[in-house]
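Asker: Compute the structure for the input listed below.
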Amino acid sequence: GGVAGTTVDVALFPIDTVKTRLQSPQGFWNAGGFRGIYRGLGAAAAGSAPGAALFFSVYETLKPQVASLQSQHEWLPDNPAFCHMSAASAGEAMACLVRVPTEVIKSKMQTNAVGAS
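Answerer: Down below sits the predicted model:
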């Protein structure tokens, strides 16, 4: 999971940089234009593998536990989709603990706003 997440983030990084700079309040050209298109890649890569690994670890751990709870309690829906959605929601919440801080740092680096709050 960690390697796959990092591979995708690195492959799509230039597109993400252009998008971030287009959305910048500074404007595209003042935020860096096409210069330094890989600025912030280190922050993205540093958070990508741990975030993806954390997601898949929590997801795979919770799937059998949720399925077990579903079979034990009548008030829980007996639906495989509920099991997957519950496990994925918890996995994503845990991954965001890593992903959000690194995304903030990455966005500031992409738009040359490293010292801004």
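Asker: in the protein, which spans are helices?
Answerer: 2-11, 13-23, 41-72, 80-110 (DSSP state H).
Asker: So which of those helices is nearest Arg35?
Answerer: helix 13-23 (9.9 Å; CB to CB). The C-beta positions use only the backbone N, C-alpha and C, and glycine is treated the same way.
Asker: average model confidence for the closest one?
Answerer: Average pLDDT, helix 13-23: 94.
Asker: Might you report the residue contacts of Thr17?
Answerer: Ile37, Tyr38, Arg39, Gly40, Gln110 (CB atoms under 8 Å, 6 or more residues apart in numbering).
Asker: go again using 7 Å as the cut-off
Answerer: Residues near Thr17 by CB atoms under 7 Å, 6 or more residues apart in numbering: Ile37, Gln110.
Asker: Next one: the residue lying closest to Ala44 once chain neighbours are set aside, what pLDDT does it get?
Answerer: Using CB to CB, 6 or more residues apart in numbering and skipping residues adjacent in sequence, the residue nearest Ala44 is Lys106, 4.7 Å away. Per-residue pLDDT puts Lys106 at 90.
Asker: just checking, Lys106 touches Ala46?
Answerer: No. Counting by CB atoms under 7 Å, Lys106 sits too far from Ala46 to count as a contact (9.2 Å).
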